[in-house]
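**Student:** sequence and predicted structure below; questions after.
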Amino acid sequence: MGIVNLTDDSFFEGSRFASDADGSASLLSKVEEMIGQGADMIDMGGCSTRPGSTPVSIGTEWERLEGALKAVRSHFPDIPLSVDSFRAEIIRRSFDAVGPITANDVSGAADPLMLKTVSELSLPYIATFPFGGDPVEFFSEFSKKAKKEGIGDWILDPGLGFGKTIRENWRILRDLPRLRLFHRPILVGLSRKSMLTSPLGISAGDALCASAAANLIALQKGADILRVHDVKEAFQVIKLYRLSTEDNISE
């Protein structure tokens, strides 16, 4: 999953396309590059969800997202799109604008209309564990809510980096196999995050190698989807990981 942030407030400068929210050539070129490098899905968001960021209005979020979303769908009709938003109204507008998308909600369904909207539109949903504590307890409760709302297609995201200490993030990553009991695809998004940069004393811009190493750990622990800024390097990690799990390797 390649990351496209349509805001200048995201924590990693390399993923920002705030000035290209109208679907300009540079945005489309970046998406084309990601697809060519191996991205299976493009995740687009118009409101920063980095810790400490200030949410913008629904109007501003949609203004940033609408043109870019339509342009990407028009130029790349076959690539699955996810919309990174905690607002049900943005998910509904996205569906109305380009058709089926995946709702990537980092809030854990804080919007009381989110699950109802996802169910009504029959959309896949990414359920994120948005705070510290035990993710097994959270997803146990969420699975009940999803069943009640008639949501059968949902992806589990342990929410690395959201409302958690560095130690908690690494504990959750270490214990990722526990989440297999829900029999759901597991998405991990740790690309260039502070759980990598803080222990190493580096910036997000210098965390490419650390991200690759952490992505490999995530795969070894059972991750099915990697949400990344650097698609080429992540795809190389995936290819090598797959080789390490094969019994017969052809030359």
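**Tutor:** Received, thanks. Predicted model only: the values in this text are computed from it and were never measured.

**Student:** so how far is Asp84 from Arg70?
**Tutor:** Rather than Arg, residue 70 is Lys. Here Lys70 is placed at a distance of 17 Å from Asp84 (C-beta to C-beta, to the nearest Å). The way it works is simple: take the backbone N, C-alpha and C, and place the C-beta from them, glycine included.

**Student:** so which of those two has more stuff around it?
**Tutor:** Using other C-beta atoms under 10 Å, the more surrounded residue of Lys70 and Asp84 is Asp84, with 26 against 15.

**Student:** distance of the more buried one from Ile126?
**Tutor:** In this structure, Asp84 and Ile126 are 9 Å apart, going by C-beta to C-beta.

**Student:** list residues touching both of those two?
**Tutor:** Any residue near both Asp84 and Ile126 by C-beta atoms under 8 Å, 6 or more residues apart in numbering counts here, and that gives Asn104.

**Student:** quick one: the strands in the stretch 151-251 of the chain?
**Tutor:** Assigned by DSSP state E, counting those that start in this stretch, the strands in the stretch 151-251 of the chain fall at 154-157, 187-188, 225-226.

**Student:** who does the last one pair up with?
**Tutor:** Meaning strand 225-226. Strand 225-226 sits in its sheet next to strand 187-188 (parallel), going by DSSP bridges.

**Student:** who's in contact with the strand it pairs with?
**Tutor:** Contacts for strand 187-188 (C-beta under 8 Å, 6+ apart): 1, 126, 155-158, 160, 173, 176, 215, 218, 223-227.

**Student:** likewise stretch 146-161?
**Tutor:** Stretch 146-161 is touched from outside by 51, 102, 106, 108, 115-116, 118-119, 123-131, 135, 139, 169, 172-173, 176, 179, 182, 184-190, 193-195, 225, with contacts defined as C-beta under 8 Å, 6+ apart.

**Student:** hmm, which of these are the buried ones?
**Tutor:** Buried subset of the contacts of stretch 146-161 (neighbour count, 16 or more other C-beta atoms under 10 Å): 102, 106, 108, 115, 118-119, 123-130, 135, 139, 169, 172-173, 176, 179, 182, 184, 186-190, 193-195, 225.

**Student:** ok, Ile238 to Leu160 distance?
**Tutor:** To Leu160, Ile238 is 18 Å away according to C-beta to C-beta.
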